[in-house]
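K.L.:
Take a look and give me a structure for this.
(2 chains)
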Amino acid sequence: EAQVTQNPRYLITVTGKKLTVTCSQNMNHEYMSWYRQDPGLGLRQIYYSMNVEVTDKGDVPEGYKVSRKEKRNFPLILESPSPNQTSLYFCASSRGTSGRAEQYFGPGTRLTVT
Amino acid sequence: GNSVTQMEGPVTLSEEAFLTINCTYTATGYPSLFWYVQYPGEGLQLLLKATKADDKGSNKGFEATYRKETTSFHLEKGSVQVSDSAVYFCALSVPDTGNQFYFGTGTSLTVIP
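P.N.:
Take a look at the predicted model:
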């Protein structure tokens, strides 16, 4: 089954404790992206990648890191989480890099930073 | 810059009512436009898209037309069902200028029997 998986689905952590949210897709997609969803703000793009070793900042990259060492994986790293990073996070992937293709979204990771 | 503005919600309709959710955009180039739907507890799914002016995207009875002159991409459905209750997001990307995606704030729709 074609899908985007994220782990963990739920995470509660404390300020400053490094964490990684994994994202993996099995569709051989070139484009992958991370978003955060906050009430009243919709989805905002954090980082995106158009292929292995190619990453770019979205609208809200501060406090986040990403890497794309393999085509299928695109982990999101929070080196020193803060409470303002409490949010619902989505990973997505799409075929090609035209910006015209459908994005497939993962189920989301709900992160709480205390 | 690039941005999407969509109608504030929540919207509550009776079954079989007509639905319009307004979406307007600002873009520096020639955007592709999308509507995504999010059902409770799930990720977003593409509902429809249009990649050039005057294109009409359609799916599951929903339609939206890419209007360059009014910079709009309003979502419509002639007769909503209870199963259409969800949050709807308008989005754009500007191909060839970085492939960033911009989403609206979402409009929550509840359809009552």
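
K.L.:
how about the strands in the chain?
P.N.:
All of this is about chain A. A:4-7, A:10-13, A:19-25, A:31-38, A:42-51, A:54-57, A:65-66, A:76-78, A:87-94, A:104-105, A:109-113 (DSSP state E).

K.L.:
Oops, wrong one, chain B.
P.N.:
Taking DSSP E to define them, one finds strands in chain B at B:3-6, B:11-14, B:19-21, B:23-26, B:32-38, B:44-50, B:56-59, B:62-65, B:75-77, B:86-93, B:101-103, B:107-112.

K.L.:
Of those, which is nearest A:T55?
P.N.:
strand B:101-103 (14.7 Å; CB to CB). All C-beta spots, glycine's among them, are computed from the backbone N, C-alpha and C.

K.L.:
Report the distance from that closest one to the chain centre.
P.N.:
Centre-to-centre, strand B:101-103 and its host chain are 12 Å apart (CA atoms, centre = their mean, to the nearest Å).

K.L.:
Can you tell me what sits against it?
P.N.:
A:33, A:35, A:42-45, A:48, A:58-59, A:99, A:103, B:2-4, B:36, B:89-93 (CB atoms under 8 Å, 6 or more residues apart in numbering or on different chains).

K.L.:
Paired strands for that strand, with orientation please.
P.N.:
Using DSSP bridges, the strands paired with strand B:101-103 in its sheet are strand B:86-93 (antiparallel).

K.L.:
Let me know the angle separating the partner strand from strand A:42-51.
P.N.:
Here the directions of strand B:86-93 and strand A:42-51 differ by 50 degrees (axes from the mean of the first three to the mean of the last three CA atoms, to 10 degrees).

K.L.:
Export the strands of chain A as a markdown table, with columns for mean pLDDT.
P.N.:
Converted to a markdown table, the strands of chain A look like this (pLDDT from 0 to 100):
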| stretch | mean pLDDT |
| --- | --- |
| strand A:4-7 | 96 |
| strand A:10-13 | 97 |
| strand A:19-25 | 98 |
| strand A:31-38 | 95 |
| strand A:42-51 | 93 |
| strand A:54-57 | 93 |
| strand A:65-66 | 98 |
| strand A:76-78 | 98 |
| strand A:87-94 | 96 |
| strand A:104-105 | 92 |
| strand A:109-113 | 97 |
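
K.L.:
I'd like a version of these in JSON lines, one that adds mean neighbour count as further columns.
P.N.:
Listed next are those as JSON lines, based on neighbours: other CB atoms under 10 Å in any protein chain shown:
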{"stretch": "strand A:4-7", "mean neighbour count": "18"}
{"stretch": "strand A:10-13", "mean neighbour count": "13"}
{"stretch": "strand A:19-25", "mean neighbour count": "19"}
{"stretch": "strand A:31-38", "mean neighbour count": "24"}
{"stretch": "strand A:42-51", "mean neighbour count": "21"}
{"stretch": "strand A:54-57", "mean neighbour count": "15"}
{"stretch": "strand A:65-66", "mean neighbour count": "18"}
{"stretch": "strand A:76-78", "mean neighbour count": "19"}
{"stretch": "strand A:87-94", "mean neighbour count": "24"}
{"stretch": "strand A:104-105", "mean neighbour count": "22"}
{"stretch": "strand A:109-113", "mean neighbour count": "18"}
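
K.L.:
Looking at those, which is nearest to B:K49?
P.N.:
strand A:87-94 (11.3 Å).
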